[in-house]
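1. The following block contains a protein sequence and its predicted model.
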Amino acid sequence: MRSSKILGVGSFVPPKVFKNDDLAQMMDTSDEWISQRTGIKQRHWVEGETTTSDLAYEASIRALEASKTKKEELDMIILATLSPDHEFPGTACFLQAKLGVPGIAALDVRQQCTGFVYGISIADQFIRTGMYKKILVVGSEVHSKGLDRTPQGREVSVLFGDGAGAVVVGACDSVAKANEPHILSTHLHADGSFAKELWIQAPSLAYDGPRLSNEILARGDHFPRMNGKTVFMHAVKRMPEVLVEALKSNNLQIGDVDLFLFHQANLRINEMVGKQLGISEDKIFNTIQKFGNTTAATIPLGMDEAVKAGRLKPGMLVASAAFGSGFTWASFIFRY
Ligand code: COA
């Protein structure tokens, strides 16, 4: 057995920014409502034909460069998204073609906000067993094309932004020592009994008839729907729980961690998680103000922003946790 480590990180957001006031021109909302309840000030949305694999490609080439990895060295691509380019084949296949690395394994992860952490865990397992040496793990989303901008959808639509983040996970020579860069552990969970609390109903095989029809579109079943209060309640319970699980399994205390990279769904969620665990505010790195919720991309995008801001430096111990649709929740701890 050997450990895995994060070799480098990259990210990309589309250039066009939509501030809360811009959204107030398009739908029945206000900067005050969005800022007070979520902390979001703006988000980036794509234009034209840009897809999830396009953003993923941009983040990936930056991650390859940062990790001094040639694309030919990659053994596998894992791409986490809830907004795939097409229903099939998987978006990892489209990314693989854009990167020009035919033949290597390409896998989609569909665990939404928790997808990147699931992806890290899968990469870690493949590397620990010795099967692969270098794996590209990407979180990428284009939400903007799928949002309901009518009053019925405003609770969801104001939250989400487009963007991508990627890391290259590589093999350590052996089992890493505590002070060496490596992934210490990953913890994954799900409870499908809450699947319909945050979901998109259509297209679906569950209809008595076609997967998509004019009637389905007229009802708006193809837009994401969320029971916001239920999601919030579960997020502030599950994120601390899975962080404590990760710390305990590594015999670590909150104070041992240098930086917390949480999923970015709502600034209030992260503040409540921090308070419950007694984490000092300056150790939590948030990006939701600038990017909104970019689902599978929030953690690698935040990681890259933290590196650029000088907040994440080599040798630091980082704890990361996410919660989202499914419900799913997960954590991982790594030394950078
Ligand atoms: N602009 C203005 N008003 C809005 C609005 C918007 N974009 N969206 C909803 N409202 C209105 C509702 O119609 C409702 O009005 P009513 O009271 O007249 O019926 C009211 O605002 C609801 O407000 P409130 O009860 O304060 O909402 P909240 O405190 O539950 O906050 C969320 C809403 C969505 C911000 C919050 O529930 C949340 O963040 N949940 C978790 C979301 C999440 O994490 N999603 C992603 C998971 S990874």
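-> That came in fine, so what should we check first?
2. hey, let's count contacts and neighbours off CA atoms from now on
-> Will do.
3. and the gap between the most centrally placed residue in the chain and residue 118?
-> Ranked by distance to the mean C-alpha position of the chain (Cα atoms, centre = their mean), the top residue is residue 296 at 2.2 Å. Computed as Cα to Cα, to the nearest Å, the residue 296 to residue 118 distance reads 10 Å.
4. can you list the residues of the stretch 1-150 of the chain near the ligand?
-> Taking Cα under 6 Å from any ligand atom as the test, the list of the stretch 1-150 of the chain residues beside the ligand reads 29-30, 33, 37-38, 113.
5. neighbours of residue 115, just the number please.
-> Other residues within reach of residue 115 by the criterion other Cα atoms under 10 Å amount to 32.
6. Show me what the helix or strand containing it is packed up against.
-> For residue 115, the element it lies in under DSSP states H and E is helix 115-128. When contacts are defined as 3 or more Cα pairs under 8 Å, 6 or more residues apart in numbering; DSSP states H and E, helix 115-128 packs onto strand 4-12, strand 76-80, strand 105-109, strand 134-141, strand 163-171, strand 182-190, strand 328-335.
7. Residue 53: neighbour count?
-> For residue 53, which is what you asked about, the neighbour count (other Cα under 10 Å) is 30.
8. Next up, the contacts around the nearest residue in space to it that is not next to it in sequence.
-> Nearest non-adjacent residue to residue 53, counting by Cα to Cα, 6 or more residues apart in numbering: residue 95, 5.2 Å away. Contacts were defined as Cα atoms under 8 Å, 6 or more residues apart in numbering; by that measure residue 95 touches 53-54, 56-57.
9. hang on, the earlier thing: state the distance from the residue nearest to the centre of the chain to residue 210.
-> Between residue 296 and residue 210 the distance, using Cα to Cα, works out to 29 Å.
10. Before we go further, residue 322 is sitting in a helix, right?
-> No. When DSSP: H, G, I helix; E, B strand; the rest coil is applied, residue 322 is found to be strand, with no helix at that position.
11. Any buried residues in stretch 27-39, and which?
-> Of the residues in stretch 27-39, those buried under the neighbour-count criterion (16 or more other Cα atoms under 10 Å) are 27, 29, 31, 34-35, 38-39.
12. now do stretch 269-284
-> Neighbour counts over stretch 269-284 (16+ other Cα under 10 Å) mark 269-271, 273-274, 279, 283-284 as buried.
13. That stretch close to the ligand?
-> No. Figure legend: stretch 269-284 not in contact with the ligand (Cα under 6 Å from any ligand atom); closest approach 7.4 Å.
14. Residues in contact with that stretch: which ones?
-> Residues from elsewhere that reach stretch 269-284, judged by Cα under 8 Å, 6+ apart: 232, 235-237, 239-240, 254-255, 258-262, 264.
15. Likewise for stretch 142-154?
-> Counting by Cα under 8 Å, 6+ apart, residues outside stretch 142-154 touching it are 26-29, 45-46, 51-52, 83, 156-157, 160-163, 220, 222-225, 294.
16. Apply the buried test to the residues you listed and list what passes.
-> When burial is judged by neighbour count using 16+ other Cα under 10 Å, the buried members of the contacts of stretch 142-154 are 27, 29, 45-46, 51-52, 83, 156-157, 160-163, 220, 222-225, 294.
17. Would you mind listing what in the stretch 201-336 of the chain touches the ligand?
-> Proximity of the stretch 201-336 of the chain to the ligand is confined to 228-229, 231-232, 265-266, 323-324 under the rule Cα under 6 Å from any ligand atom.
18. quick revisit: mind telling me what element the residue nearest to residue 53 is part of?
-> For residue 95, the element it lies in under DSSP H and E is helix 91-99.
19. How about that helix, which residues are buried there?
-> 91-96, 99.
20. From the helices and strands packed on helix 115-128, pick the one with the highest average neighbour count.
-> Greatest average neighbour count among those goes to strand 134-141 (a mean of 32), per mean count of other Cα atoms under 10 Å.
21. Identify the neighbouring strands of it in the sheet and state each direction.
-> Here strand 134-141 is paired, per DSSP bridges, with strand 76-80 (parallel), strand 163-171 (antiparallel).
22. Go through the helices and strands packed on helix 115-128 and name the closest to residue 289.
-> Comparison of the helices and strands packed on helix 115-128 against residue 289 by Cα to Cα identifies strand 163-171 as nearest, at 13.8 Å.
23. Only C-alpha atoms, please: export that closest one in CSV.
-> Extracted as CSV, the C-alpha positions of strand 163-171 are listed here (Å, rounded to 0.1, in the frame of the first residue of the first chain):
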residue,chain,number,x,y,z
GLY,A,163,-17.4,27.1,-12.7
ALA,A,164,-14.9,24.3,-12.4
GLY,A,165,-12.0,23.2,-10.3
ALA,A,166,-9.5,20.3,-10.8
VAL,A,167,-6.7,18.6,-9.0
VAL,A,168,-4.2,16.0,-10.0
VAL,A,169,-3.9,13.2,-7.4
GLY,A,170,-0.6,11.3,-7.5
ALA,A,171,1.1,8.4,-5.8
